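*Asks:* turn this into a structure:
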Amino acid sequence: MFSDESLATSSSRQHIELVLRVARSYYLENKTQAQIARDIGYSRPTVSRLLKESRDSGMVHISIGHELERIRELEQKLERKFGLKHVRVATVNDGESSGQVVPRYAAALFCELCKPDSLVTVSNGRAVAATVHEMPICEWPKSNVAQMIGALSPDNPMIDSPDICRMLASRLGGTFTALPVPMILSNAKIANSMRKEPQIATVLALGGGADIAIVGVGAATEDRLGHIFDEYVDPATARTLHQRGVVGHICGHLIDAEGNLVHSDLYERTISIDFGRLKKIPMVIGVAWGAAKVNAIHACLVGHLISALVTDQKTAEALLA
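*Replies:* Model prediction:
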């Protein structure tokens, strides 16, 4: 079950969206109250009350104006431009940071889309960990969380995939299937052998067959691939990969500006779900924000590597620029 605060937030947004829909239909589309009542499945008196609320609350002047309306326009533009199933753009108020607000929106979207018997998979990184921290406590014993990517080095300061998966399974009230292997192995031969191990192959197959996934998006610079690669990739290798067109990474896979996989020795050594399988997961929620990540997020969008995006307003505007 969801917390009272989570339900209240979801209910409040749904009500505002209903008021905005009624106001748009009446004032901008010139529909009658009877037509609107049929469209939304409510009575005419309810439509009349919602129209009054839209005026009294200041949503309607000569035109419709509300912060959520402007945000929704951004969301719809992103959905149309990149063919996304869902977009949530977080409004970050004074005194807050995107790192605090965006994960709350991502957790709310996940709760809207996830079912009590879903097979879930998640990647690693700060954004994913923060999203899981915002999840409400549920009672979904039939849910399962499968690890999609191997564990990071013990010296890596990032919150690791096994910890994130275990915490999510605990919050959902379901089970957790671990992937007991490092994210990157010393050479491709060992990595290939590990992938064939029955336990490893089974977990990777589970992750690739998930109903819903939560993933972060990492940015690559000229001399660094990102936090999760710090223990494995030196600046010289990062520069070589940058010259080959790498702009970011998702689920441990390096990608170019078009969202294509960039093959490398690093790819052969990485234990993660198959890159092609990522595109076949019905719902992949990408959680990412910030100017440094715009190119990497854009690559994931044009490459159709994610089907839902949760970000902040500045990042959304940059993606549309």
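
*Asks:* going forward, measure contacts and count neighbours with C-alpha atoms only.
*Replies:* Will do.

*Asks:* from residue 214, how far out is residue 301?
*Replies:* Shown here: residue 301 relative to residue 214, a distance of 15 Å by Cα to Cα, to the nearest Å.

*Asks:* likewise for residue 206?
*Replies:* When Cα to Cα is applied, the distance between residue 206 and residue 214 equals 15 Å.

*Asks:* let me see the ranges of the strands in the stretch 151-300 of the chain.
*Replies:* Here the stretch 151-300 of the chain has its strands, by DSSP state E, counting those that start in this stretch, at 175-177, 212-216, 218-219, 248-250, 253-255, 283-287.

*Asks:* any chance of the ones you listed in JSON lines, plus mean pLDDT, mean neighbour count and distance to residue 307?
*Replies:* Putting these into JSON lines (pLDDT from 0 to 100; neighbours: other Cα atoms under 10 Å; distance: least, Cα to Cα, whole Å) gives the following:
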{"stretch": "strand 175-177", "mean pLDDT": "96", "mean neighbour count": "20", "distance to residue 307": "24"}
{"stretch": "strand 212-216", "mean pLDDT": "97", "mean neighbour count": "25", "distance to residue 307": "10"}
{"stretch": "strand 218-219", "mean pLDDT": "94", "mean neighbour count": "26", "distance to residue 307": "17"}
{"stretch": "strand 248-250", "mean pLDDT": "96", "mean neighbour count": "26", "distance to residue 307": "13"}
{"stretch": "strand 253-255", "mean pLDDT": "96", "mean neighbour count": "24", "distance to residue 307": "17"}
{"stretch": "strand 283-287", "mean pLDDT": "98", "mean neighbour count": "26", "distance to residue 307": "5"}
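
*Asks:* which one, of those, ends up nearest to residue 240?
*Replies:* When the strands of the stretch 151-300 of the chain are ranked by distance to residue 240, counting by Cα to Cα, first place goes to strand 253-255 at 12.6 Å.

*Asks:* need the residues that contact that closest one.
*Replies:* Counting by Cα atoms under 8 Å, 6 or more residues apart in numbering, the neighbours of strand 253-255 from elsewhere in the structure are 245, 246, 247, 248, 249, 261, 262, 263, 267, 275, 299.

*Asks:* if we can go back for a sec, so which of the strands of the stretch 151-300 of the chain is nearest residue 230?
*Replies:* Comparing the strands of the stretch 151-300 of the chain against residue 230 with Cα to Cα, the closest turns out to be strand 218-219 (12.3 Å).

*Asks:* adjacent strands (with direction) for the closest one?
*Replies:* strand 248-250 (antiparallel) (DSSP bridges).

*Asks:* need the strands of the stretch 151-300 of the chain in TSV with distance to residue 109, can you?
*Replies:* Listed next are the strands of the stretch 151-300 of the chain as TSV, based on distance: least, Cα to Cα, whole Å:
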stretch	distance to residue 109
strand 175-177	21
strand 212-216	10
strand 218-219	21
strand 248-250	20
strand 253-255	25
strand 283-287	9
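
*Asks:* show me the contacts for residue 259.
*Replies:* In this structure, residue 259 makes contact with 299, 300, 301, 302, 303, 304, 305, judged by Cα under 8 Å, 6+ apart.

*Asks:* try it again at 6 Å.
*Replies:* 299, 300, 303 (Cα atoms under 6 Å, 6 or more residues apart in numbering).

*Asks:* now do the helices in the stretch 201-321 of the chain.
*Replies:* Read by DSSP state H, counting those that start in this stretch, the stretch 201-321 of the chain holds these helices, from start to end of the chain: 235-243, 265-269, 275-278, 294-302, 313-320.

*Asks:* of those, flag the one that's most buried.
*Replies:* Mean neighbour count, computed with mean count of other Cα atoms under 10 Å, is highest for helix 294-302 among the helices of the stretch 201-321 of the chain, reaching a mean of 23.

*Asks:* what angle sits between that helix and strand 212-216?
*Replies:* Going by axes from the mean of the first three to the mean of the last three Cα atoms, to 10 degrees, helix 294-302 is angled at 160 degrees with respect to strand 212-216.
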